[in-house]
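>>> Can you look at this prediction? I've put the sequence above it.
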Amino acid sequence: MQGAYTQVKGPVLGLESSCDETAAAILAPDGQILAETVLSQTAHAAFGGVVPEIAARAHLAHLPGLVARVMAEAGLNFADLGAVAASAGPGLIGGLIVGSGFAKGVALARGLPFVAVNHLEAHALTPRLPGLLPQPVAFPYLLLLMSGGHCQCVAVEGVGRHRRLGGTIDDAVGEAFDKVGKLLGLGWPGGPAVEALAREGQADAFALPRPLLGRAGCDFSFSGLKTAVAQLIGKFPAGSLPRQTAADIAASFQRAVADVMADRASHAIAMFRALHPEGRLLVVAGGVAANTLLRTALQTVAERHGFTFAAPPLRLCGDNAVMVAWTAIERLRLGLVDGMDHAPRPRWPLEALAA
Ligand code: KG4
Ligand code: ZN
C-alpha cells in the first residue's frame, strides 16, 4: 500500500516471531540500533525440530516481556515511536499471527504506521544497515540465504525488487545439517554440533555425493546427500557408531556441502553478473552462515570472480528483529505502509513483493 509516510517520524519497533526466535528491536530513523533482544526457544530440542504450536505459545508468552525490555533499554514510551513492524511471512502461521497482532495493537493504539515485513526481504536488506559493513551497500547485490528453512540465491535489486536465481528443490541446507546431526545422535539444532564434531574427523574419509554439482543454474538439492549419510550410518548396528567414524562422517558431509555451495555460488555469480555487470558483492545470511568451512569456501569463490564477500555479524545472520525494523525503515522511506487488514502469509515468496 502506498501511504503518506515518506519519512520515518521516530524510532521503529520491529518484531520477529516467524519461526523459533522471539525477538524485538528498536532502531532510530537513521538505522542506529537503540535496543535489541533475541530469545531462542529451546523447548523444541526434545522433539528434534520446531513444533509450531509450542513456538506460537512461546511467542505469546515472551513477546510482551521482550518488547518491554527493549523499550526500557531505549528509554522510550510507545508514544515516542514512529512506526511498528513485524515479520508477516513466510513462516509458521501461529507465530506470525502473534507478532503481527501485537504490532498492529501498538500501531492502532498510538496511531502509528504498521509495516508488514517479508522475513526473506529482511534477511536480504540486512547488509544495508548503516555501519554494518565497511562500505555502504548499494543495489544490486547477490544474496545467498542459507538457513534451516530457506536456501536460495537472490539478486537484490531494490526495496521490494528481488529476483530469485535459484533455490533448493528439496531440503534447506540447515535442514540437512539438522537431519545429519540427528542421524549422528547429536543434539538439535544439528548445525553447530556437526561442525564441532567435523573438526575431529577426516573430510576425505567417505565419498559422499555432491548433488547438482556442475549442473546449469544455481538450484540446490540436499536430500540425496542426507540419504547417503543415513545409509552409511545404517551399516553400523544401532548405537555402535565409533566416535572417530562419526567425526569422519560429519567432516565428509560438511565437505560435500561446502563443495556444493561453492559450485552453486559460482553459478549464481555468473547468472547475477549477466543481469548486473556492475554488481560486485556477494552477501550471505541465515544461521548456516555461521559455519566456518562454508564461509571460507564462499569467500574463495567470491574472490575468484572478483566479488567482495560480506557476512553480517552472526547475531544478525540468524533470525532477529533488527532486520525487521531496518526493512520497515527502508519501506517507510519509500512511502510503503500496510493496512490493519494485512493478513500474515505462511508462504510469501520474495517475487510477490514487486506486485
Ligand atoms: O537462520 P536460522 O537461525 O533460523 C532459521 O532457520 O530461520 O538458521 C538455523 C539453522 C539451523 O538449521 C542450524 O542447524 C543451522 O542454521 N546452523 C548451522 C551452524 N549454526 C547454525 N549449520 C551449520 N554450521 C553451523 N555452524
Ligand atoms: Zn530467517
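Everything's here; your move. Ligands and ions are numbered 1, 2, ... in the order given.
>>> Now the closest residue to ligand 2 within the stretch 101-250 of the chain. Nearest residue, chain neighbours left out?
Across the stretch 101-250 of the chain, the shortest distance to ligand 2 (C-beta to the ion) belongs to residue 147, at 4.8 Å. Glycine gets a C-beta too; all of them are placed from N, C-alpha and C. Excluding its sequence neighbours, the residue lying closest to residue 147 (C-beta to C-beta, 6 or more residues apart in numbering) is residue 286, at 3.3 Å.
>>> So for the helix or strand where residue 265 lies, what gets flagged as buried?
Following DSSP states H and E, one finds residue 265 within helix 243-275. For helix 243-275, the neighbour count (16 or more other C-beta atoms under 10 Å) marks 245-258, 260-269, 271-273 as buried.
>>> what does stretch 169-182 give?
170-182.
>>> That one and ligand 1 in contact?
Yes - Stretch 169-182 is in contact with ligand 1 by C-beta under 6 Å from any ligand atom, via 174, 177-178.
>>> so for that stretch, what's the average pLDDT?
The average of the pLDDT scores along stretch 169-182 is 96.
>>> Please write out the alpha-carbon positions of the helix or strand where residue 101 lies in PDB.
Using DSSP H and E, residue 101 maps to helix 93-110. Only the C-alpha atoms of helix 93-110 are listed here, as PDB (Å, rounded to 0.1, in the frame of the first residue of the first chain):
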ATOM      1  CA  ILE A  93       1.300 -19.000  10.900                       C
ATOM      2  CA  GLY A  94       0.800 -19.200  14.700                       C
ATOM      3  CA  GLY A  95       3.900 -17.100  15.400                       C
ATOM      4  CA  LEU A  96       3.300 -14.700  12.500                       C
ATOM      5  CA  ILE A  97      -0.200 -14.000  14.000                       C
ATOM      6  CA  VAL A  98       1.300 -13.300  17.400                       C
ATOM      7  CA  GLY A  99       3.900 -10.800  16.100                       C
ATOM      8  CA  SER A 100       1.600  -9.100  13.600                       C
ATOM      9  CA  GLY A 101      -1.300  -8.900  16.100                       C
ATOM     10  CA  PHE A 102       1.000  -7.400  18.700                       C
ATOM     11  CA  ALA A 103       2.400  -4.800  16.300                       C
ATOM     12  CA  LYS A 104      -1.000  -3.900  15.000                       C
ATOM     13  CA  GLY A 105      -2.300  -3.400  18.500                       C
ATOM     14  CA  VAL A 106       0.500  -0.900  19.300                       C
ATOM     15  CA  ALA A 107       0.100   0.800  16.000                       C
ATOM     16  CA  LEU A 108      -3.700   1.200  16.400                       C
ATOM     17  CA  ALA A 109      -3.400   2.400  20.000                       C
ATOM     18  CA  ARG A 110      -0.900   5.100  19.100                       C
END
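>>> could you give the angle of the helix or strand following it to helix 93-110?
Reading on from helix 93-110 to the C-terminus, the next helix or strand found by DSSP H and E is strand 114-118. With axes from the mean of the first three to the mean of the last three C-alpha atoms, to 10 degrees applied, the angle from strand 114-118 to helix 93-110 works out at 160 degrees.
>>> how about strand 114-118, does it get close to ligand 1?
No - counting by C-beta under 6 Å from any ligand atom, ligand 1 is not contacted by strand 114-118; separation bottoms out at 13.5 Å.
>>> and the protein, which of its residues are near ligand 1?
Listed as neighbours of ligand 1 in the chain under the rule C-beta under 6 Å from any ligand atom: 19, 147-149, 174, 177-178, 189-192, 195, 286-288, 290-291, 318-319.
>>> Could you measure from the residue nearest to residue 147 over to residue 80?
According to C-beta to C-beta, to the nearest Å, residue 286 stands 33 Å off from residue 80.
>>> the more surrounded of the two?
Between residue 286 and residue 80, residue 286 has the larger neighbour count (other C-beta atoms under 10 Å), namely 24 against 14.
>>> wouldn't that one be in contact with residue 177 here?
No - using C-beta atoms under 8 Å, residue 286 is not in contact with residue 177; the gap is 11.4 Å.
>>> Confirm residue 309 sits in a strand?
Yes - per DSSP: H, G, I helix; E, B strand; the rest coil, residue 309 lies within a strand segment.
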